[in-house]
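S.K.: With the input below, show me the fold.
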Amino acid sequence: MNKRVREAGRQASARRRLRLPLLSLLLLPACALAGRLAFPTLPHRYALACAVAYAALSAACVALYAADKSAAVAGRRRIPESTLLLCGLAGGWPGALLAQRLLSHKTRKQAFQHKFWGTVVANIGLLGATSSALYWLPGWR
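M.R.: This next block holds a predicted model:
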């Protein structure tokens with residue numbers, strides 16, 4: 001009986017860890033749609049390039065977080081936090097968020113989490129500013 005209760009607790013914990021990253025991944029298409037509605041005349045190639053860049057950077061971030069987690073468990077030299085944060089700032093934050101939850105890595109360090117969410121906000125702001133600037137450039141409409 002006790003073993004079943006522990007297993008159910010682990011499964012519930014795993015579902016909770018996945019909830020936030022899955023919601024954030026669902027927000028990306030919503031943000032893309034909102035951007036498309038706000039700037040309907042931006043070329044489709046810009047949206048496609050952004051989607052491909054975010055996917056590639058997210059995959060790179062997952063790999064970095066997995067390597068850092070592996071190094072932490074094995075007692076090897078770790079990947080600097082600044083590298084993880086820069087990867088997220090560059091656009092890999094959806095993958096970083098997914099890796100944090102799936103690997104249970106860097107989730108308890110409050111200082112890192114504050115910096116991480118700051119990079120997320122900065123990245124979204126930069127994306128919005130870039131989209132807005134491109135909208136007003138001649139030849140982009």
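S.K.: secondary structure class for Ser58?
M.R.: What DSSP: H, G, I helix; E, B strand; the rest coil gives for Ser58 is helix.
S.K.: For the closest residue to it other than its chain neighbours, list the residues it contacts.
M.R.: Once flanking residues are discounted, Ser58 sits nearest to Gly95: 2.8 Å by Cβ to Cβ, 6 or more residues apart in numbering. In this view, the C-beta of every residue, glycine as well, is placed from N, C-alpha and C. With contact taken as Cβ atoms under 8 Å, 6 or more residues apart in numbering, Gly95 is in contact with 57-62, 65.
S.K.: Generate a ChimeraX selection restricted to the buried subset of these.
M.R.: Buried members of those, defined by 16 or more other Cβ atoms under 10 Å, are picked up in ChimeraX with:
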select :57,58,60,61,62,65
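S.K.: Tabulate the contacts of Gly95 in JSON lines, adding columns for distance to Arg76 and pLDDT.
M.R.: What follows is the contacts of Gly95, written out as JSON lines (distance: Cβ to Cβ, whole Å; pLDDT from 0 to 100):
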{"residue": "Leu57", "distance to Arg76": "24", "pLDDT": "91"}
{"residue": "Ser58", "distance to Arg76": "24", "pLDDT": "90"}
{"residue": "Ala59", "distance to Arg76": "22", "pLDDT": "90"}
{"residue": "Ala60", "distance to Arg76": "20", "pLDDT": "93"}
{"residue": "Cys61", "distance to Arg76": "19", "pLDDT": "93"}
{"residue": "Val62", "distance to Arg76": "19", "pLDDT": "91"}
{"residue": "Tyr65", "distance to Arg76": "15", "pLDDT": "93"}
